[in-house]
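Colleague: I would like to see how this sequence folds:
(chains A and B)
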Amino acid sequence: MTFRTPTELGLLRTVLIADDESSIRLLVHATIESDDYTVVEASDGAQAWTLAQELKPSLVLLDVQMPGQSGLEVLRSIKADPDLRATRVILLTSKAQERDIEVGLIAGADFYLTKPFSPLDLLTRVEEALEL
Amino acid sequence: MGASRSASGSKDRPRRRGWSVRGYVVLFMVVLIAVAAIAGVAVRTLGQQDARQSAAADASFAARVAAAEIAGDLLLLQQTTAGLAVNPQLPAILAAPKGSCTLTFAGASPFSAGHLDIVKSDGSVICSSQAIAGGAVYGAASWLPAALLGPVTAAPFLDPATGEISAVVAAPVAGGAGLVAAIVALGPVGPNLAATLGGARQLEFLVTTNSDETVLARSLQPSRWVGKPLAGTAFAGSARAVERPGLDGRTRLYDWSRVGSTTWLVYAGADEAAALTAADLSSNRELAIILGGAGIMLVVIFVVYRRIVDPIRRLSLVIRSSTVDGAVSAVDTIGASEVTDLAQDFARLMATVKSELVERLNSEQEAVVSERNYRTLFEGHPQPMWLYDVDTFAFLEVNDSACDRYGYTRKEFMAMTICDVQQPLDVPKFLELQAMPMPTSDRTGPWRHLLKDGSTIQVLITSHALIFGDHHARFVLAEDLTESQHLELELVESHARAEHSAELARAKDEMVTVVSHELRTPLASIVGFAELLATREVTAAQRKDYLAVMLQEGRRLSALVNDFLDLRRLEGGHLSMRFAPSDIKALIRRAVDLFSVPGGTPIEMRVQDDLPLVRVDGDSMFRVIANLLSNARKYSPLDGSISIGARVVNGMVEVAVQDKGLGIPAGALTHLFGKFFRVETADRGSIGGTGLGLAICKNIVESHGGKIGARSEGLGKGSRFYFTVPIARAQAQAGEVLIVEDDSGFANLVEAELEARGLTSMWAADAETAEHLVTKARAVVLDLLLPGLSGEGFLHHLRATRGPGIPVVVVTLKDLGPAENLSLQKAGVAAVLRKGPGTAAAAANLLVQCLASELVAI
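Modeller: As a prediction, the model looks like this:
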C-alpha cells in the first residue's frame, strides 16, 4: 500500500486499486502510474470501502472476487453513496464470471476487464474514465 | 404351620422344628392349672396359719386383760377391807353383840357375788352384808390365824356361810380383836370373764392357783371344776404349750398371765377347731376366685386356639394338597380376621404365581419354537447368511449356503473375520463403514468377496444389528449377484447415476469457475508484465521486479496445475498406490529433515516407541507429512515451535503435527480440506499456496482407509493437524524374499519374477522398513539408492543382526567404483546387478540358485 501525503491528496485526483492478489495490484499500479493522479491500493473489500469513503477517489479499479466483502458489494455501496456520485468504477474479473459482469454493469460499473487483461487496454480505459 | 422354616436356608445345619402352637397351648394350660393349685394350697395353708396366730394372739391378749381385771378387783377388795379395818368404830363394834351394824357388799365383775363380814378373833361373825348364822363360822378356816396378824388374800376355801368355793380378802383390826373379810364366790368368775372378754371367739378362761394345783375359776362347767385339783388332767400334763388340750379334752390355743398381787394364773384359750373352720371358710372364697379365673383363662385360650390355630392348620393342609381355591373356604367361617386375610392373600398370591408360571411356560415354549424356526430358516436359507461380531469382525455363525458358496468349512469360517472374505481394496471402505454409527438395519453393496478358490463374487449385504450371546453382532444376508441380478443392479445404478449427473454437472461448472479464476490470476500477472516489458521502456530495476513477479507467478501456476492434476487423479482413483508395510517413523524423519531450517527452531519428534509398521504408499504418505509440516512452517511466523508425533490410537497409527502459529478460525475448520480453500486474514496475506494441499492430503489419507482432521483453539492459538493410517497386516509382513526398493514399479517386477519361481516376497520401500521386515526373510533383493538410510547402511545392519547367512543380491542404478564393489563383496553380497531390462528376472534366478545351494549345504 502506498500513501501520499494529505496535501498531495487534496491537490491530486485519486485512483483506488482493490485486489486481493498482490501481483495484480503491482501490475495495475505499474501500468497506470502517472503524475496526473495518486494511486492507492486496498487488499480486500472492506479496506476498499473504507478508503473510498475517506479519499473519494475519481476512479476505483475493483476486483470482483475478493475475500470478505466482494467487489460487487463494494460497487453497490459506492453507487448508493451520494458523496461518491462522481466516482467511476472499472471491474476486473475472470472471464468465467460472466454472470458477475452482467450483475456489475447493472449495478452501475462503468467498464470491465477480464483477466488476463492487456495493461495497455487498462491504461486506455483509466484515461478515458478520468477524461484525461 | 408350627414348623419354623429357616429363612436363610442353611443346608448343612440340621433344621430344628419348633413346638406346635397346640403344644404351647397345652403347656400353657398345664402351667396355669399348676399355678392355680399351688395358689390354692398356699391360700389354705397360710390361712390356717394366720388363723392359728390370730387365735393365739387373741388368747394372749384376753389372758392379760383377765389377769388385770382380777388383780384390780382384788385390790379394790383389799382396800375396802383395809379401810374398814382401821375404822375407829370397829373395836366398839367388835365388842357389841352380833347384828349391831350393817354392811353392804357391792359386787363387781368378775367377782359379782360375795359378802363383807366383820369377824371376831374366834371366827364368829359380828356383822355381815348378808344373813349369817351365829357361832364361830370361820373358826376352822385355815386363813383365820394369818388374817388376824396381817392382810390375807386366800383361795380357795369353802365358804361355810354360802357353801360355795370362794376366795377371801381379809384385813386385821388393830389389837387382834377381829378382822374385816370380803368373801367372794369363785363360781361366777369364769362365766363373768367369758362374758366380758370371750368375744366372738368364745374363749375359755381358766384361773388356777400357782403351779396349777387347783382350779379357782373356769368359764365352762364352773360347778364341775371350781375348787377341784388339776393334777391328772391332759391340760396339766401338756406343760403350758400354746396348743394343748383343755380340761374338757378339746384342743385350744392357750396363753396365760399372772395376777399381779397373788400367785394365781389366768389362762385364756381359743378353740383351735373353730378358728380353723373360720379360716377355711375365708380361704375357700379365695380358692373359688382363683379357680374361677383359671377356668376362664383356659376357656379363652381354647377359643383363641380354635380361632387361630385350627384355621392355620386347615390352611396348611389345603396348601399341602395344592388346591388353592379351597384356601379361603377352609378358614373363612371360623378363622380370626387376620387368618382369613392371610388365606385370601395366599389365594391371590398363588393365583398370580400360577398365571405367571403359565404365561412364562407358554412364552418359553414359543421362544423355543421360534428359535427352532429361525434356526431352520437360517440353516436352510438358499443364500449365504452369517453372524459376525461387530467389535472383532469374527464370524459367529454361518449357514450351509455360505459354506457352499464361499468354499470354506464352518470351522474355517469360525477362524476368520469378515475382512478375510473382503476383496482387499474394499477393506478400507468396509472399515470406514463399520467405524461410523450403523443403522439397525441396512443394505450396502455391491461388495467384492473372495472365495476360497481365489475367485471374486459380487454380493449385496443386508445386515441387522442384534445381540448374540454376549456379543454385539450383525446378522448378514449376502445376496450373490448372478448375471441377471447384476444387470438389474446396473440398471438401478444407472438410474442413480443419471440422478447424480445433473448434480455432478453443477459441481463441475462450479469447479471450472473456481479453477479458471485460480489459473487466470497468475496468468494475468505473467501476461500483463510481459506486455509491459514488451511495450514500455522500463528501468533495469523495474525489469528485475517485473521478471521476479512473473517467475513467482509462473511457478505458482505450475504448482497449481500439478496439484490440480494430482487431485483429479486421486479423486478418480487413477493415481496408482502401492501399499506396503512401512516404518512411518522413517517417513516422518525424512520429512522433518526436509523442513528443518539450519539455525531455526528444530521440529520436535515425539514418535511412540515400538510403533508397528503401517500399511501405506510411501511416496504419498511422505507427501502428506511434508505438506502438513510445510503448512506448519508457513503459518508459524517468528520461527514458532513445531512438533510431530505418532502413536497407536484405536488400532490405527495417528500422526499429528502441532504448531503454535496463526491458528484457524472456528468457521474455517470444516472447509479446510476443500479445494482452493484458503484462510484469508490480513496476517497471512503474503503466504502463498495453491489451496489444494490439504485436499490432496485428505484424498491420500482416505484412500489409505484413514481419517484426517484439524483442531485449533482459534486465531493465534496454533493448530493441530492429525491423520490416521492402518497398521500393516501380519500377512503382508511374511515372505521369503525381502525386496528393498524405493521404485514400486521395479519392485513389482521383481515380485512377479520371484512368484513365477515359486518364491513369496515382501516389499520395503525404504531401508528402515526393511530392518523391521528382514527378521523373517530368507533372502534380500537390495537397492542402494534409497531415501533415508542407504542400501549400504541396511546391509551393515543385516550382517550385524543376522550374520552372513542370508543371500543378498544388489540391484541398483548407482555407478559403483571398484572400492565400493569390493566392500559389497566383503559384506557377502552374492551379486551386484545394474538396473535395466531383464535385471528383475536375473536377480530372481540368482536368488533361486542361492537358496537352492543353501538347501544343499544343509
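
Colleague: Look through chain B and tell me its longest helix.
Modeller: Longest helix in chain B by number of residues (criterion: DSSP state H): helix B:21-85.

Colleague: what's the neighbour count on whichever residue of the stretch 101-250 of chain B sits closest to chain A?
Modeller: Nearest to chain A, among the residues of the stretch 101-250 of chain B, is B:Ala200, at 136.7 Å (CB to the nearest CB). Where you see a C-beta, it was placed from the backbone N, CA and C, and this is true even at glycine. If you count neighbours by other CB atoms under 10 Å in any protein chain shown, B:Ala200 ends up with 8.

Colleague: likewise B:Pro97?
Modeller: Using other CB under 10 Å, B:Pro97 has 8 neighbouring residues.

Colleague: That one - nearest residue in space that isn't next to it in sequence?
Modeller: Nearest non-adjacent residue to B:Pro97, counting by CB to CB, 6 or more residues apart in numbering or on different chains: B:Ile126, 7.9 Å away.

Colleague: Mind listing the residues bridging to the residue nearest to the spatial centre of chain A?
Modeller: Note on chain A: the residue nearest the mean C-alpha position is A:Leu61, at 1.8 Å, using CA atoms, centre = their mean. A:Leu61 forms beta bridges with A:Ile17, A:Ile90, as assigned by DSSP bridges.

Colleague: roughly how far apart are it and A:Val126?
Modeller: To A:Val126, A:Leu61 is 7 Å away according to CB to CB, to the nearest Å.

Colleague: same thing with B:Pro446?
Modeller: According to CB to CB, B:Pro446 and A:Val126 sit 62 Å apart.

Colleague: Which parts of the stretch 201-350 of chain B are helices?
Modeller: Secondary structure of the stretch 201-350 of chain B (DSSP state H, counting those that start in this stretch): helices located at B:222-225, B:234-237, B:272-304, B:310-320, B:326-331, B:337-380.

Colleague: Quickly, which of these bottoms out on average pLDDT?
Modeller: Mean pLDDT is lowest for helix B:326-331 out of those, coming in at a mean of 61.

Colleague: Just confirm B:Pro837 is within a helix.
Modeller: No: counting by DSSP: H, G, I helix; E, B strand; the rest coil, B:Pro837 is not part of a helix but coil.

Colleague: which phi and psi does it have?
Modeller: Backbone torsions of B:Pro837, given as degrees, to the nearest 10, read phi -60, psi 130.

Colleague: Burial check on it, number of neighbours?
Modeller: B:Pro837 sits with 6 neighbouring residues when counted by other CB under 10 Å.

Colleague: B:Asp742 too?
Modeller: 18.

Colleague: same deal with B:Leu298?
Modeller: 16.

Colleague: what helix or strand is the residue nearest to B:Pro97 on?
Modeller: strand B:125-128 (DSSP states H and E).

Colleague: on that earlier part again, touching both of A:Leu61 and A:Val126, which residues are there?
Modeller: Residues touching both A:Leu61 and A:Val126 (CB atoms under 8 Å, 6 or more residues apart in numbering or on different chains) are A:Val15, A:Ile32, A:Ile90.

Colleague: Please report how far the closest residue to A:Asp110 other than its chain neighbours lies from chain B.
Modeller: Spatial nearest neighbour of A:Asp110, excluding adjacent residues (CB to CB, 6+ apart): A:Arg88 at 4.7 Å. Going from A:Arg88 to chain B by CB to the nearest CB, to the nearest Å gives 21 Å.

Colleague: Contact partners for A:Arg88?
Modeller: Taking CB under 8 Å, 6+ apart as the test, what A:Arg88 contacts is A:Ser58, A:Leu59, A:Val60, A:Asp110, A:Ala129, A:Leu130.

Colleague: how many neighbours does the fifth one have?
Modeller: As a burial measure, A:Ala129 scores 19 neighbours (other CB under 10 Å).

Colleague: swap in B:Asn399?
Modeller: That count, for B:Asn399 with other CB under 10 Å as the rule, works out to 22.

Colleague: Just read off the phi/psi values of it.
Modeller: Dihedral angles (degrees, to the nearest 10) for B:Asn399: phi -100, psi 170.
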